[in-house]
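Starting from these lines, generate the structure:
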Amino acid sequence: MRFRFFAPLIGAALLAAACAASDTGTPTSTVTPTSVAEAAEDPVQQTAPATTSAGAPATVAESDSDAVLLDPRESGALRNHLGYAFPLPPEVPTGPIAQTAIDDLEFVWSSFQSEVGFSGTSVARLAQSGDPRLAWILSDLLRFFPRGDIADGAVSAFQSLTGARLADDPVAARSSWQSVTDHLFAWDLPAFDGYNDYKERLFTLVEPGWQPFFDDADSEIDWRIVSWGGVLIDNRQLGDARPCPRGCIPALDDPAVTDASGGSWYPDDGIVFAVIIGDEARAYPRHIMEIHEMVNDTLGGRRIGMPYCTLCGSAPAYFTDAVPDGVAVPVLRTSGLLSRSNKVMYDLVTKSVFNTFTGRAVSGPLREQGIVLPQATVVTTTWGEWQAAHPDTTIVASDGGIGRQYPFNPLGGRDDNGPIFPVGDVDGRLSVHDQVFGVVLDDGTPVGFPVAAAVAALENGGTVELGGVTLHLDGGGLRAVDADGAEIDGHQSFWFAWSQFMADTLLWEP
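Numbers count the residues shown, from 1 in each chain. This next block holds a predicted model:
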């Protein structure tokens, strides 16, 4: 099959699936892919990889005598969430990629907007370079061409360049792209000089709104680990409640709220993300957050932004008004991109990208000013327990104040079988989707507490303490304080997400 990647067709093609609930409120993991290369295919639904070209480990050309071996590790030391042991990383040359590889790349890239088209044979030809660094390009192609001739060519080239056999990885049975990218994450494989330029050319063809993220030459974004989340950018202005015209995950700005009695529409066992600022408490129902994945609000006289990464189970709350005089208060939006399965959020005002787990600006004008947004503790609990502990709380109105209906289970068990986007190797101390309550100490030390065990211990009258951090119950959820009783801001997330963004976490054990 030859495929012509016409730019006018991309917008329609790339809306078929997403990292979370779409703008229609339908679980995007169940949306049927479009016919244009099924580019937006949900990775869970993909077919097994081609296994016709397992290939031996790539050899280094004689001209690359300065090749280096990536940190050698015992086979099996690094595993994915299904227990598959990643093989040792391939040898990686240094210096520029070969001119023949550049020529092959240019042929493929120039075909995206032409009627010439390209085939799986064109992609497979990249293996002739013997340079495993080109595997990052193959990952990007697989994301947008998840099956068919082009995908077969990419899988063949990946196996030839790296020596990995995708047939050995159970993840590959549902997504060859996820398996390929998991390998690259686990190996921390270097990219070749110029890789970002190729990624920019491809990704901005898909979504021109991502261009500002590439424009910062000193950006701290690691483009290797950034992938497309299945939707396009939310660039609606603050307060615009209309659906995204081209499809996005739409933030909810300044939602309507009711008092606790007015929240009787929400079941007592419904999960809420609850925040107290000053003398105001507010509960954000999870099923509404699963649709919007971002809220900008005012609470206790402060401006806050709360991203919810459904893939990570993470809902931190940031003080967006904590910026220097003369700097506009950021308006947080979802970009449609992911970084190791974590949503990439950005500021609508300056187009600066933030690390969603830390609140640190990593690109754009806010990076240049060294902006790090401070956090407020988010208590994850049930609505019944929260309103019993805080009867003066408010809760987001059932329609969000925008006249919308929200299904109570919009994701429909989407993540029941493990992460559906690449996460690489995992920290085996806990299961990937175990919930942890995490904090970061002033010296940068991350500390994590398995939620179920911590809550059980506290309910039984025990003490939960580690590294100078002590937990307390609040309305069925958790808060942290230091040795002086001062609150340490924290929030819950899935273990795989916390551990990959907070390496070397101190982990409490009951």
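
which residues touch Asp279?
Asp279 sits next to Gly300 when contact means C-beta atoms under 8 Å, 6 or more residues apart in numbering. Every residue, glycine included, has its C-beta placed from N, CA and C.

can you tell me how far it sits from Arg414?
For Asp279, the distance to Arg414 equals 38 Å [C-beta to C-beta, to the nearest Å].

Quick one: low-confidence residue ranges for this protein.
By pLDDT under 70, the low-scoring segments of the chain are 1-76, 115.

Tell me which residue lies nearest the centroid of it.
Computing the C-alpha centroid of the chain and ranking residues by C-alpha atoms, centre = their mean puts Asn342 first, at 1.9 Å.

That one reaches Ser314, doesn't it?
Yes. Asn342 lies in contact with Ser314 (C-beta atoms under 8 Å); the separation is 7.4 Å.

Could you pull out the residues contacting both of these two?
Taking C-beta under 8 Å, 6+ apart as the criterion, Asn342 and Ser314 both touch Thr356, Phe357, Ala497.

Which of these are buried, as a ChimeraX select command?
Burial among the shared contacts of Asn342 and Ser314 is assessed by 16 or more other C-beta atoms under 10 Å; the matching ChimeraX selection reads:
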select :356,357,497
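
Confirm that Val436 sits in a strand.
Yes. The assignment for Val436 is a strand, going by DSSP: H, G, I helix; E, B strand; the rest coil.

tally of neighbours for it?
Residues lying near Val436 (other C-beta atoms under 10 Å) number 29.

My read is that it contacts Pro446, right?
No. Applying C-beta under 8 Å as the test, Val436 and Pro446 come out as separate, 10.0 Å apart.

Give me the common contacts of these two.
The contact lists of Val436 and Pro446 share Trp498, where a contact means C-beta under 8 Å, 6+ apart.

Output stretch 200-216 as CSV - backbone C-alpha positions only.
The C-alpha trace of stretch 200-216 is given here as CSV (Å, rounded to 0.1, in the frame of the first residue of the first chain):
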residue,chain,number,x,y,z
GLU,A,200,8.4,19.5,14.4
ARG,A,201,7.7,19.1,10.7
LEU,A,202,5.5,16.1,11.2
PHE,A,203,3.6,17.3,14.4
THR,A,204,2.9,20.8,13.2
LEU,A,205,1.5,19.3,10.0
VAL,A,206,-1.0,17.5,12.2
GLU,A,207,-1.6,20.5,14.5
PRO,A,208,-0.2,23.9,13.6
GLY,A,209,-1.1,25.1,17.1
TRP,A,210,1.8,23.1,18.5
GLN,A,211,4.3,25.3,16.6
PRO,A,212,5.0,27.6,19.6
PHE,A,213,6.1,24.6,21.7
PHE,A,214,8.9,23.9,19.2
ASP,A,215,10.0,27.6,18.8
ASP,A,216,11.8,27.9,22.1
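
Please name the residues that touch Ser129.
Residues near Ser129 by C-beta under 8 Å, 6+ apart: Ile97, Ala98, Thr100, Ala101, Asp104, Leu161.

And it, how far from Asp234?
Per C-beta to C-beta, Ser129 is found 38 Å from Asp234.

what's the answer for Ala173, then?
33 Å.

which residues in the stretch 251-400 of the chain form strands?
Ranges of strands within the stretch 251-400 of the chain are 252-253, 257-259, 271-277, 280-285, 294-299, 302-307, 317-319, 332-339, 342-347, 353-354, 375-376, 379-382, 394-396, based on DSSP state E, counting those that start in this stretch.

Check the burial of the nearest residue to Arg367 once chain neighbours are set aside by counting its neighbours.
Counting by C-beta to C-beta, 6 or more residues apart in numbering, Arg367 lies nearest to Ala361, which is 4.4 Å off, once chain neighbours are set aside. Using other C-beta under 10 Å, Ala361 has 26 neighbouring residues.

Check the contact between Thr382 and Asp268; I expect there is one.
Yes. Using C-beta under 8 Å, Thr382 is in contact with Asp268, at 6.3 Å.

Neighbour count for the two, which is higher?
Ranked by neighbour count (other C-beta under 10 Å), Thr382 and Asp268 place Thr382 first, with 21 against 12.

what's near enough to touch that one?
The contact partners of Thr382, by C-beta under 8 Å, 6+ apart, come to Asp268, Asp269, Gly270, Ile271, Val272, Gly476.

so the spatially closest residue to Asp427 that is not a sequence neighbour is in which element?
Leaving aside its chain neighbours, Asp427 sits nearest to Ser499 (4.0 Å; criterion: C-beta to C-beta, 6+ apart). Using DSSP states H and E, Ser499 sits within helix 495-501.

and that helix, which residues are buried?
For helix 495-501, burial by neighbour count (16+ other C-beta under 10 Å) applies to Trp495, Phe496, Ala497, Trp498, Ser499, Gln500, Phe501.

what about the helix or strand just after it, distance to the chain center?
Next along the chain after helix 495-501, taking DSSP H and E as the criterion, comes strand 506-507. Relative to the centre of its chain, strand 506-507 is centred 23 Å away, using C-alpha atoms, centre = their mean, to the nearest Å.

for strand 506-507, packing partners?
Packing partners of strand 506-507 (3 or more C-beta pairs under 8 Å, 6 or more residues apart in numbering; DSSP states H and E): strand 446-450.
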